[in-house]
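**Q** what's the 3D shape of this:
(one chain, ligands or ions: 1)
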Amino acid sequence: MKKKILVTGGTGYIGSHTVVELQAAGYEVVIVDNLSNSNENVLDGIENISGIRPVFEKLDCNDKEGLYTLFQTYQGIQGIIHFAASKAVGESVHKPLLYYRNNIVTLLNLLDLMPEFQVKGIVFSSSCTVYGQPDILPVTEDAPVKPALSPYGNTKQINEEIIRDAIYAGLPFKSIILRYFNPIGAHPSAEIGELPNGVPQNLVPFVTQTAIGIRKELSVFGDDYDTPDGSCIRDYINVVDLAKAHVIAMDRMLEDKSDKKLEVFNLGTGRGVSVLELINAFEKGTGVKVPYKIVGRREGDIEKVWANPEHANKVLGWTAHETVEDTVVTAWNWQKKLSK
Ligand code: UD1
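**A** Residues are numbered from 1 along each chain as shown. Next comes the predicted model:
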């Protein structure tokens with residue numbers, strides 16, 4: 001029988017790509033999403049790729065009774081991948097309580113219910129934001145967690161601590177915390193991709209919207225950083241590569257491949273790419289110019305961060321394969337499809 005996995009935030013950007021990979025690996029997926037930052041059409045995209053329409057329940061994970069009913073309805077959920085969260089850094093500064101409620105209470109609700117419904121493990125969607133500006137690059141999982149620069153970043157740190165404390169207290173489940181670097185791109189089929197709400201805050205959707213003419217020009221936030229070309233450096237990881245790591249993490253917990261009840265992995269490529277290099281890669285790969293201007297630094301931005309992914313490479317047997325050059329083209333194909 002297929003193992004059943006609950007994916008919270010499964011109609012979102014990383015969630016939808018992960019659902020497709022879970023289905024390809026033979027898992028049965030139940031999605032819950034409150035559709036606050038996604039829409040139900042994503043299910044069509046998923047079905048067009050996999051041929052399987054995942055079960056979908058519109059539900060906010062803050063609704064504990066609703067979650068309880070869900071676990072009763074879909075008996076036998078063995079694992080959870082918890083993506084559902086608010087993720088706009090700037091908004092979190094203005095609406096901290098919303099972020100703490102959405103990002104923390106939802107996790108508490110899930111952890112509370114896991115023992116009663118014998119859910120074996122939870123994969124948690126964390127971020128390299130927990131490292132702040134690391135002292136040593138590339139950054140390993142042992143690097144210290146730095147004070148968060150926003151309520152959003154703080155929710156990731158607090159959630160990691162909640163999971164750690166729950167497991168140390170002996171609660172009967174396992175967890176794998178995945179710290180993502182900068183996920184970009186779309187499924188190669190262009191059936192699913194990133195759907196930013198309003199003006200994109202993240203670089204790649206802003207680049208693709210500018211290239212297609214929705215935005216007049218891209219603002220590059222700062223060219224006076226201590227980097228070779230002066231713009232910030234990130235580790236941009238292909239979203240399908242990232243999605244595949246979740247399947248490996250789930251297999252690992254459900255098949256008890258490790259004795260450890262809690263593990264933490266960086267998910268990145270190990271390569272740092274500057275904002276200007278990314279624009280250049282986009283222009284080269286697509287043949288489309290991206291009008292941009294250099295503006296001041298964005299508050300709270302980290303100068304440079306990229307992953308040491310060796311732990312995930314060795315222990316999970318997972319490596320990011322796709323290059324930034326190829327990945328920006330998938331983002332472009334998705335943008336063209338959206339704009340048709
Ligand atoms: C941000 C968050 C990170 C979060 C992620 C999820 C910060 C410091 N980090 O990552 O915690 O997990 O979003 O959404 O906010 N840039 C431009 N012009 C733009 C947009 C971005 O130059 O219009 C630059 C930024 O200055 C940065 C790089 O592009 O150097 C990447 O930015 P972005 O895509 O927003 O990701 P992060 O800031 O790395």
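**Q** neighbouring contacts of stretch 217-235?
**A** The contact list for stretch 217-235 (Cβ atoms under 8 Å, 6 or more residues apart in numbering) reads 128, 138, 181-182, 203, 206-207, 210, 268-277, 279, 290-298, 301-307. (Glycine included, C-beta is placed from N, CA and C.)
**Q** If we use 7 Å, what do you get?
**A** Outside stretch 217-235, the residues that touch it by Cβ atoms under 7 Å, 6 or more residues apart in numbering are 181-182, 206-207, 210, 268-269, 271-276, 290-298, 301-307.
**Q** who's in contact with residue 321?
**A** Counting by Cβ under 7 Å, 6+ apart, residue 321 touches residue 241.
**Q** how far away is it from the ligand?
**A** From residue 321 across to the ligand, the span is 21 Å (Cβ to the nearest ligand atom, to the nearest Å).
**Q** Check the secondary structure at that residue for me.
**A** Residue 321 carries the three-state label coil when classified by DSSP: H, G, I helix; E, B strand; the rest coil.
**Q** and if you look at the one 4 residues further on?
**A** Look at residue 325: counting by three-state DSSP, its state is helix.
**Q** which residues touch the residue nearest to it when sequence neighbours are not counted?
**A** Nearest residue to residue 325, sequence neighbours excluded (Cβ to Cβ, 6 or more residues apart in numbering): residue 281, at 4.9 Å. Applying Cβ under 7 Å, 6+ apart to residue 281 gives the contacts 324, 325, 328.
**Q** Look up phi and psi at the residue of the stretch 1-150 of the chain found nearest the ligand.
**A** Using Cβ to the nearest ligand atom, the single residue of the stretch 1-150 of the chain nearest to the ligand is residue 129, 3.2 Å away. When quoted as degrees, to the nearest 10, the phi and psi of residue 129 stand at phi -60, psi -20.
**Q** Please look at it and residue 153 and confirm they touch.
**A** Yes - assessed by Cβ atoms under 7 Å, residue 129 is found in contact with residue 153 at 4.4 Å.
**Q** Look at those two and report which has more neighbours.
**A** residue 129 (24 against 21; other Cβ atoms under 10 Å).
**Q** what's near enough to touch that one?
**A** Residue 129 touches 153, 156, counting by Cβ under 7 Å, 6+ apart.
**Q** now do 10 Å
**A** Residue 129 sits next to 89, 145-146, 148-150, 152-157, 179-181, 300, 302, 305 when contact means Cβ atoms under 10 Å, 6 or more residues apart in numbering.
**Q** How many neighbouring residues does residue 169 have?
**A** Residue 169 has 7 nearby residues by other Cβ under 10 Å.
**Q** Next, work out how far apart it and residue 252 are.
**A** 22 Å (Cβ to Cβ, to the nearest Å).
**Q** Show me which residues of the stretch 51-200 of the chain sit near the ligand.
**A** Contact residues (Cβ under 6 Å from any ligand atom) of the stretch 51-200 of the chain with the ligand: 87, 89, 127, 129, 153, 182.
**Q** now the strands for the stretch 51-200 of the chain?
**A** Counting by DSSP state E, counting those that start in this stretch, the stretch 51-200 of the chain has strands at residues 55-58, 77-82, 121-127, 174-180, 182-184.
**Q** Is it possible to get JSON lines of those that adds distance to residue 111, mean neighbour count and mean pLDDT?
**A** Formatted as JSON lines, the strands of the stretch 51-200 of the chain follow (distance: least, Cβ to Cβ, whole Å; neighbours: other Cβ atoms under 10 Å; pLDDT from 0 to 100):
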{"stretch": "strand 55-58", "distance to residue 111": "19", "mean neighbour count": "16", "mean pLDDT": "98"}
{"stretch": "strand 77-82", "distance to residue 111": "9", "mean neighbour count": "24", "mean pLDDT": "98"}
{"stretch": "strand 121-127", "distance to residue 111": "7", "mean neighbour count": "24", "mean pLDDT": "98"}
{"stretch": "strand 174-180", "distance to residue 111": "9", "mean neighbour count": "23", "mean pLDDT": "98"}
{"stretch": "strand 182-184", "distance to residue 111": "24", "mean neighbour count": "24", "mean pLDDT": "98"}
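**Q** mind giving me a markdown table with the ones you listed and columns for distance to residue 257?
**A** A markdown table is the format used below for the strands of the stretch 51-200 of the chain (distance: least, Cβ to Cβ, whole Å):
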| stretch | distance to residue 257 |
| --- | --- |
| strand 55-58 | 27 |
| strand 77-82 | 13 |
| strand 121-127 | 11 |
| strand 174-180 | 10 |
| strand 182-184 | 25 |
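**Q** so which of those strands gets nearest residue 215?
**A** strand 182-184 (17.0 Å; Cβ to Cβ).
**Q** Does the next helix or strand after the closest one pack against any helices or strands, and if so which?
**A** Downstream of strand 182-184, the first helix or strand assigned by DSSP states H and E is helix 203-211. Counting contacts by 3 or more Cβ pairs under 10 Å, 6 or more residues apart in numbering; DSSP states H and E, helix 203-211 packs against strand 182-184, strand 218-221, helix 275-286, strand 292-295, helix 324-338.
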